[in-house]
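**Q** my questions are about this predicted structure, shown below with the sequence.
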Amino acid sequence: MLSHSNIRFHARSGGALKGRLRVPGDKSISHRSIMLGSLAEGTTHVSGFLEGEDSLATLNAFRQMGVNIEGPENGRVVICGVGMHGLKAPQTPLDLGNSGTSMRLLSGLLAGQGLDLTLTGDASLSSRPMRRVTEPLRLMGARVDTTDAGTAPLHIRPVPSLKAIDYELPVASAQVKSCVLLAGLYADGVTCVTESAPTRDHTERMLQGFGYALQRDGSRVCLKGGGKLIACDIDVPADISSAAFFLVGVSIAPGSDLTLEHVGMNPTRDGIINILRLMGADIEVSNERSVGGEPVADLRVRHAPLKGIRIPEDQVPLAIDEFPALFVAAACAEGETVLTGAEELRVKESDRIQVMADGLQTLGVDARPTPDGMIIQGGQIHGGEVDSHGDHRIAMSFAMAALRSDGDIHIRDCANVNTSFPAFDRIAGDAGLKLEVEHG
Ligand code: S3P
């Protein structure tokens, strides 16, 4: 494995993005395809699977629990489901690397399996809050231990049964919602989750795709434990969170005109499009269709002058992973952009408010972090050297910033781009980004 701290990006200033491309598969859907495919009866065929380190961590975890999985090969994965009770205890702790989704969803999925096992992760994942999942699981009667700080490793102990709960999410988090629903598959009775704001609903959609009955009523979703999943085929759309870097890059770079194909357009994920349009972006949606219960479309985006806005708080959960890129858009916009209600950004793969503010300031941008957001005055981005703190989305956002900077941008600690966007350098380079990857 490559050392994670010694891959750097050197993004040369200027250029434009042009052509057509398809970004890799959706990370959230890829994780869930392995999880539900493994628990299903029958063989699940997945295409468009994201071959990034995060979704591969999930895939390897299920292999370690005895599931026969072929691939991935060109995005194709074949999962021989073992049924709801067919997983085996792994010989060693399950190492989930950098992947919060793997850890939080698996904690729920595994809590009622009667297995004794440990979930571990890298330094970033081991510092992220896990009580948000262990607390509802405790209410269900599970035994999932954290460190004293409420962090991983998570030790899951066998319990005789789980009981259903009616849970109101204290944070708008699809990972917590999914954790409780997946534990609910194994609980006695009907488990319900109510969310304060809509968050991505891929778990709900995919459970239904696997034939599991689910009641959805506004912000509340309920399911009865003890059912089964029936294998199905899954076509994973391109990840809108990866497309986001190009939506921003094209918008800020004069002369750009790019079409992104087969992008997942789930309405719980499209905040990036809504926010960029409010800023003046030129995004054309075409060829709208549905693949396996998820809406998909092609997006043509052309350079347009952006203006600063106050970002509506209801868009925050719908664009939660896109703020590093949106901060770059704001830095290139005319006027002030204000983000509030986004304190969750502080507990992502890095503290995305602080790390982005530090980097933007280094590049000469007036970016002021606040406890729950940022205030950015648009202006000229200069060249310089910034640190991504091992956060994939921060590395890719600063790479796109070079399209508008007046000097080259050097970005440290970029290996984790492989967690969500393998071959970013090649795909972005083919579109016109002047990016070099430096080792050592
Ligand atoms: C995800 C949910 C979000 C998101 C993460 C993926 C998921 O996290 O940031 O990248 O697949 O459920 P939260 O649930 O913590 O907001």
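**A** Yep, that arrived. Numbering: from 1, shown residues only.
**Q** ok, for I273, nearest residue in space, not its chain neighbours?
**A** I283 (5.7 Å; C-beta to C-beta, 6 or more residues apart in numbering). Where C-beta positions appear, they are placed from N, C-alpha and C, glycine not excepted.
**Q** typed the wrong thing, it's R205
**A** G293 (4.7 Å).
**Q** can you check what pLDDT the model gives the one you found?
**A** Note on G293: pLDDT of 91.
**Q** which ones are touching the residue nearest to I273?
**A** By C-beta atoms under 8 Å, 6 or more residues apart in numbering, I283 lies in contact with 247, 273, 276-277, 299-301.
**Q** now the element after the helix or strand encompassing it, going C-ward?
**A** Using DSSP states H and E, I283 maps to strand 282-291. Remark: after strand 282-291, the chain's next helix or strand is strand 294-302, criterion DSSP H and E.
**Q** which residues of the protein lie near the ligand?
**A** 28, 101, 173-175, 178, 200, 320-321, 344 (C-beta under 6 Å from any ligand atom).
**Q** follow-up on the earlier one: could you give the angle of the strand holding I283 to strand 294-302?
**A** In terms of direction (axes from the mean of the first three to the mean of the last three C-alpha atoms, to 10 degrees), strand 282-291 departs from strand 294-302 by 160 degrees.
**Q** surely I165 and T191 touch.
**A** Yes: here I165 reaches T191: they are 6.0 Å apart, a contact under C-beta atoms under 8 Å.
**Q** neighbour-wise, which of these two wins?
**A** T191 (26 against 21; other C-beta atoms under 10 Å).
**Q** can you pull up the bridge partners for that one?
**A** Beta bridges link T191 to L223, judged by DSSP bridges.
**Q** how much space separates the residue of the chain positioned farthest from its centre from the ligand?
**A** Taking C-alpha atoms, centre = their mean, the residue of the chain most remote from its mean C-alpha position is P160, at 33.1 Å. Going from P160 to the ligand by C-beta to the nearest ligand atom, to the nearest Å gives 29 Å.
**Q** what does N416 give?
**A** Distance from N416 to the ligand, by C-beta to the nearest ligand atom: 13 Å.
**Q** again with D298
**A** Taking C-beta to the nearest ligand atom, one finds D298 at 23 Å from the ligand.
**Q** my read: that residue touches E261, true?
**A** Yes: between D298 and E261 a contact is recorded at 5.2 Å, counting by C-beta under 8 Å.
**Q** out of these two, which sits in the busier spot?
**A** D298 (19 against 16).
**Q** ok, what's across the strand from that one?
**A** Beta bridges link D298 to S286, judged by DSSP bridges.
**Q** identify the residues contacting it.
**A** Contacts of D298 by C-beta under 8 Å, 6+ apart are 259-263, 285-287.
**Q** where neighbours are concerned, which of those has the most?
**A** V263 (27 neighbours).
**Q** and T43, how close does it get to the ligand?
**A** From T43 to the ligand the distance is 24 Å (C-beta to the nearest ligand atom).
**Q** again, but for A297
**A** 20 Å.
**Q** contact partners for that residue?
**A** 263, 265, 285-289.
**Q** so what's it closest to, chain neighbours aside?
**A** E288 (4.5 Å).
**Q** and for T199?
**A** The shortest distance from T199 to any residue other than its chain neighbours is 3.9 Å, reached at A174 (C-beta to C-beta, 6+ apart).
**Q** part of a helix, is S55?
**A** Yes: counting by DSSP: H, G, I helix; E, B strand; the rest coil, S55 is located in a helix.
**Q** surely it and I29 touch.
**A** No: under the criterion of C-beta under 8 Å, S55 makes no contact with I29, lying 9.1 Å away.
**Q** remind me which residues of the chain are low pLDDT?
**A** Within the chain, the stretches with pLDDT under 70 are 1-5.
**Q** quickly list the domain ranges of it.
**A** Following automatic domain parsing, the chain resolves into domains at 8-25+237-438, 27-235.
**Q** off-centre distance for stretch 208-217?
**A** 23 Å (C-alpha atoms, centre = their mean, to the nearest Å).
**Q** switch to numbering from 2
**A** Renumbered: residue one is now 2, and that last one reads stretch 209-218.
**Q** distance between the ends of it?
**A** 15 Å (C-alpha to C-alpha, to the nearest Å).
**Q** now swap in stretch 302-313 and tell me
**A** First-to-last distance for stretch 302-313 - C-alpha to C-alpha - comes to 22 Å.
**Q** ok, stretch 357-370 next?
**A** Stretch 357-370 end-to-end distance (C-alpha to C-alpha) = 9 Å.
**Q** for the stretch 52-201 of the chain, which segments count as strands?
**A** Ranges of strands within the stretch 52-201 of the chain are 69-74, 77-81, 95-96, 118-121, 144-146, 155-158, 163-164, 167-169, 188-189, 191-195, based on DSSP state E, counting those that start in this stretch.
**Q** M66 is in contact with A90, correct?
**A** Yes: under the criterion of C-beta under 8 Å, A90 makes contact with M66 at 7.4 Å.
**Q** more neighbours, these two?
**A** In this view A90 and M66 are compared by other C-beta under 10 Å, and M66 has more residues nearby, 21 against 15.
**Q** phi and psi next, for that one.
**A** Main-chain dihedrals, M66, degrees, to the nearest 10: phi -100, psi 20.
**Q** next one: the nearest residue to it once chain neighbours are set aside from the ligand, what distance?
**A** Spatial nearest neighbour of M66, excluding adjacent residues (C-beta to C-beta, 6+ apart): L88 at 4.4 Å. Per C-beta to the nearest ligand atom, L88 is found 21 Å from the ligand.
**Q** before we move on, the earlier item: centre of the chain to the strand holding I284, how far?
**A** Relative to the chain's own centre, strand 283-292 is displaced by 21 Å; criterion: C-alpha atoms, centre = their mean.
**Q** again, but for stretch 305-316
**A** 21 Å.
**Q** with stretch 7-18 instead?
**A** For stretch 7-18, the distance to the chain centre is 23 Å (C-alpha atoms, centre = their mean).
**Q** same thing with stretch 193-206?
**A** Using C-alpha atoms, centre = their mean, the offset of stretch 193-206 from its chain centre is 15 Å.
**Q** so which bits of that stretch are buried?
**A** Across stretch 193-206, burial judged by 16 or more other C-beta atoms under 10 Å covers 193-194, 196, 198, 200-206.
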